[in-house]
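# Attaching a predicted model along with its sequence, questions to come.
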Amino acid sequence: MAEIVIENLRKDFGDFNAVKSSSFTIEDGEFFMLLGPSGCGKTTTLRMIAGLELPTSGEIYIDGEEVGRKPASERDIAFVFQMFALYPHMNVRKNMSYPLISQGMPKARVKEKVAEVARILGIEDILNRPVGGLSGGDRQRVALGRAIVRDPKAFMMDEPLGALDAEFREHMAEELRALHDRMGATTVYVTHDQLEAMQMGDKIVVMNHGVIEQFGTPQDIYDKPATMFVADFIGSPPMNFLRFHGSLEAGATDVTLSGHRFGMPQLREPKDGDLVFGARPEHVELTDSSDYRGEVLATEYLGTTQIVTLNTPDGQIKARTPSGQPARVGERVGLGFNPATITLFDRQSGRALRSDLNEGVLAHG
Amino acid sequence: MSSYSITEPPARHKWIAGVLVVTYAIITLLPLVWIVATGFKTPADAISYPPKVLFEPSLEGYVNLFTTRTRIGDEALAALPPPETWYEEIVRDRGMVIAGPSRYGERFLNSVIIGFGSTFLSVFLGTLAAYAFSRFRVPLADDLLFFILSTRMMPPIAVAIPIFLMFRQLGLSDTHLGMILLYTAVNISLAVWLLKGFIDEIPREYEEAALIDGYTRFQAFYKVVLPQAATGIASTAIFCLIFAWNEYAFAVLLTSGTAQTAPPFIPTIIGVGGQDWPAVAAGATLFLLPVMIFTIFLRKHLLRGITFGAVRK
């Protein structure tokens, strides 16, 4: 098992810059998520780590060894493709044996090893079936089996659950995470699904337009977003943005929105200009004690909670409140925000302003 | 009441389709049947009028195809010992003796060497080129592909004179190598374009999986891509062989002896010992067989390839 270090990695396809100077470290045994919308460069990054694309510049270290220019076959990593890419002219057993045969492993040992992995994955009964007729889940397991069977230094997974239907995806995600915990192998996992990333990952890198927006644990990324993109991309519904113009000193602990003062974590840098006040929906409260009023536009009932859409003097916001709390469409209600959770952003650059909340986290980005 | 189905055509349509197919088959197969039948007629039956549909079969055509014969006088014929073989007997009945083997066997072998040789070369080079065009960033790939296709934009025979002169200069006239190269040059554009289409259809992930699994690029190509492309390779080979096998014009122009193929040779049979239509028909019949066998043999492969594709996704 291995630590993977990425330094200033860059990839250009002709004039198109797919990945811009990325750096991050994947620690040994970590379940690492590359998250972003399609076309953000996450798959290209994964393919460079695997050796399926050559980096334009920068270094990739696997286990301390620089492998950026080495062919994929010499990197000792396994790759699970979105479409599984099982060899269609071979049966399940042959598919799983294939990586072992390339290492020149004796036949008896190959058979033993394949049987062992098949048992872990619960696919012993389909070993002699052709891959053509298998269900999506079984194909997925065979693809995993082919990856696991040779004990690689690390696993690369390119949206491995993307081709499965929603119901089964949930199940496979749990299975995958359990498998990882059992084997403790470094895993790099590409996904565009923020829930999947939060649910399974130890660490997440959020990418957009070839740039790493933030790098950290799921909690840090959710609670302390480094940019407006991250705040918007993570969370459903996303973070509320209230636009305002203001001049703030370092050490400020409140801001004024349409004449109302709201508390926030102490600011660590001064800022003057177009700003954004960011609050997660669950940190918006409907309270009669506030003079800051909003009109209820819609409510969505979600069981234990409800999403209330409101019109405020500074723009539309969504609040996640207990479903028992009354909120009728057309009603005007008072609004409050949990001060400790507020993040301010510079509207121009989209960057979060440093504060007591996110100090230390932003240094990663 | 009959129910309407979108997958099962009505019985009446099936019946009409059947009649059309049978009519078409009769029209296309009749000349073929006539040639095969003529091969088994005696020379007299072959030219009788009205034409004979029912006749007593004879192997005279085949004997004449493979032998050269000399007419000798009746006395000299009577003085000979009795014929030892059935084919000698057939020849003696016509007042002749066998002088030696004909050149048909050699010409046929030339056809096999040149036809299959150029087919192999076209498909081999075509597969490698198609793979490169399909998978690598080849500079000016589109222009190169168009250039390759453009070699087929006029009939090859239009450049017969330059090729004739080139071959004479290079010492390739009337050689196996020359004809193989010529037919390969004509076929390769077809091979590259057909095979590129097939290889484009094979997801790259298969090779990438093999690369990750510890195989080199060539091993991945050989062990993963080639089996997937078998369908395409088989159909391309059939097209290439049919062209090289049947080609007549260049063969007449560029070969005369050592490398002459069967197509220009067969018509020359007519001149030997009168208008020997059964021998010509026999030559044509045998000439049809290799391509037929090759196609039938590869057709199984084709069908297998098609069902393979169906279950892939």
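Yes, it's here.
# can you list the residues of the stretch 51-200 of chain A near chain B?
Within the stretch 51-200 of chain A, the positions adjacent to chain B are A:51-52, A:71-73, A:77-79, A:81, A:83, A:85-89, A:98-99, A:102-103, A:130, A:132-133, A:146, A:150 by C-beta under 8 Å from any C-beta of the partner chain. Glycine gets a C-beta too; all of them are placed from N, C-alpha and C.
# Next step: these restricted to strands.
Within these, residues falling in strands by DSSP state E are A:77, A:78, A:79.
# May I have the beta-bridge partners of the last one?
Here residue A:79 sits in beta bridges with residue A:156, as judged by DSSP bridges.
# quick one, domains of chain A?
With domains defined by automatic domain parsing, chain A comprises A:4-223, A:228-346.
# Out of the ones you listed, flag the one nearest residue B:30.
Distances from residue B:30 to each of the domains of chain A were compared using C-beta to C-beta; the minimum, 42.1 Å, belongs to domain A:4-223.
# Now do the contacts for residue A:288.
Shown here is residue A:288, whose contacts under the criterion C-beta atoms under 8 Å, 6 or more residues apart in numbering or on different chains are A:333, A:334.
# mind redoing it with 10 Å?
Residues in contact with residue A:288 (C-beta atoms under 10 Å, 6 or more residues apart in numbering or on different chains) are A:333, A:334, A:336.
# Next one: it relative to residue A:316, how far apart?
When C-beta to C-beta, to the nearest Å is the yardstick, residue A:288 and residue A:316 sit 21 Å from each other.
# As a quick check, tell me the outermost residue of chain A.
When each C-alpha in chain A is compared with the mean C-alpha position (C-alpha atoms, centre = their mean), residue A:108 comes out farthest, at 40.9 Å.
# other SSEs contacting the strand or helix carrying that one?
Using DSSP states H and E, residue A:108 sits in helix A:107-121. In this structure, helix A:107-121 makes packing contacts with helix A:92-102, helix A:136-148, helix A:166-183, judged by 3 or more C-beta pairs under 10 Å, 6 or more residues apart in numbering or on different chains; DSSP states H and E.
# would CSV of those helices with mean pLDDT and mean neighbour count be doable?
Formatted as CSV, the helices and strands packed on helix A:107-121 follow (pLDDT from 0 to 100; neighbours: other C-beta atoms under 10 Å in any protein chain shown):
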stretch, mean pLDDT, mean neighbour count
helix A:92-102, 92, 22
helix A:136-148, 89, 23
helix A:166-183, 85, 14
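# can you list the weak-confidence ranges in chain B?
Applying pLDDT under 70 to chain B flags the ranges B:1-5, B:271-274, B:301-313.
# all strands for it, in order.
Under the criterion DSSP E, chain B carries strands at the ranges B:67-71, B:96-101.
# where do the helices sit along the stretch 51-200 of chain B?
Using DSSP state H, counting those that start in this stretch, the helices of the stretch 51-200 of chain B run over B:60-66, B:74-79, B:86-93, B:104-135, B:141-150, B:160-170, B:176-201.
# if we can go back for a sec, please produce a markdown table containing the helices and strands packed on helix A:107-121, extended by distance to residue A:276.
Compiled in a markdown table, the helices and strands packed on helix A:107-121 are given as follows (distance: least, C-beta to C-beta, whole Å):
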| stretch | distance to residue A:276 |
| --- | --- |
| helix A:92-102 | 50 |
| helix A:136-148 | 41 |
| helix A:166-183 | 33 |
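# what's the closest of these to residue B:189?
Relative to residue B:189, the nearest member of the helices and strands packed on helix A:107-121 by C-beta to C-beta is helix A:92-102, separated by 35.3 Å.
# picking up where we left off before, tabulate the strands of chain B (JSON lines), appending mean neighbour count.
Compiled in JSON lines, those are given as follows (neighbours: other C-beta atoms under 10 Å in any protein chain shown):
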{"stretch": "strand B:67-71", "mean neighbour count": "15"}
{"stretch": "strand B:96-101", "mean neighbour count": "14"}
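# and the residue of the stretch 201-350 of chain A found nearest chain B, what is it in contact with?
Taking C-beta to the nearest C-beta, chain B has its nearest neighbour within the stretch 201-350 of chain A at residue A:210, 19.7 Å off. Under the criterion of C-beta under 10 Å, 6+ apart, the contact partners of residue A:210 comprise A:10-12, A:16-22, A:36, A:39-42, A:44-45.
# Report the buried members of those.
Among these, those scoring as buried are A:10-11, A:17-20, A:22, A:36, A:40-42, A:44-45 (criterion: 16 or more other C-beta atoms under 10 Å in any protein chain shown).
# Which pair of these spans the longest distance?
Set against one another by C-beta to C-beta, the buried ones among the contacts of residue A:210 have their most distant pair in A:10 and A:36, with a gap of 16.4 Å.
# Now for the nearest residue to residue B:270 once chain neighbours are set aside: which residues touch it?
Residue nearest to residue B:270 in three dimensions, not counting chain neighbours: residue B:280, with 6.0 Å by C-beta to C-beta, 6 or more residues apart in numbering or on different chains. For residue B:280, the residues meeting the contact criterion (C-beta under 10 Å, 6+ apart) are B:35, B:38, B:39, B:46, B:61, B:64, B:65, B:266, B:267, B:268, B:269, B:270.
# OK, contacts around the third one?
Pointing back at residue B:39 there. Residue B:39 makes contacts with B:46, B:57-62, B:65, B:277-286, as judged by C-beta under 10 Å, 6+ apart.
# Hmm, residue A:125 is touching residue A:115, no?
No: counting by C-beta atoms under 10 Å, residue A:125 does not reach residue A:115; the two are 11.9 Å apart.
# Show me which of the two is the more surrounded one.
Set side by side, residue A:125 and residue A:115 give different neighbour counts by other C-beta atoms under 10 Å in any protein chain shown, the larger being at residue A:115 (13 against 10).
# Nearest residue to that one in space, please, no chain neighbours.
Excluding the flanking residues, the one nearest residue A:115 by C-beta to C-beta, 6+ apart is residue A:124, at 7.1 Å.
# Can you add neighbour count and give the contacts of residue A:288 back as JSON lines?
Formatted as JSON lines, the contacts of residue A:288 follow (neighbours: other C-beta under 10 Å):
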{"residue": "A:333", "neighbour count": "22"}
{"residue": "A:334", "neighbour count": "14"}
{"residue": "A:336", "neighbour count": "19"}
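# coming back round to it: go through the helices of the stretch 51-200 of chain B and pick out the most buried.
Compared across these, helix B:60-66 shows the largest average neighbour count, a mean of 24 (mean count of other C-beta atoms under 10 Å in any protein chain shown).
# which other helices and strands contact that one?
helix B:11-39, helix B:43-47, helix B:86-93, strand B:96-101, helix B:104-135, helix B:277-312.
# And residue A:330, how far from residue A:291?
Summarising the geometry, the distance separating residue A:330 from residue A:291, computed by C-beta to C-beta, is 19 Å.
# mind putting the contacts of residue A:288 in a markdown table, secondary structure included?
Output for the contacts of residue A:288, formatted as a markdown table (DSSP: H, G, I helix; E, B strand; the rest coil):
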| residue | secondary structure |
| --- | --- |
| A:333 | strand |
| A:334 | strand |
| A:336 | strand |
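# need the helix or strand of chain A with the lowest average pLDDT.
Among the secondary structure pieces of chain A, namely its helices and strands, helix A:166-183 has the lowest mean (mean pLDDT, DSSP states H and E), a mean of 85.
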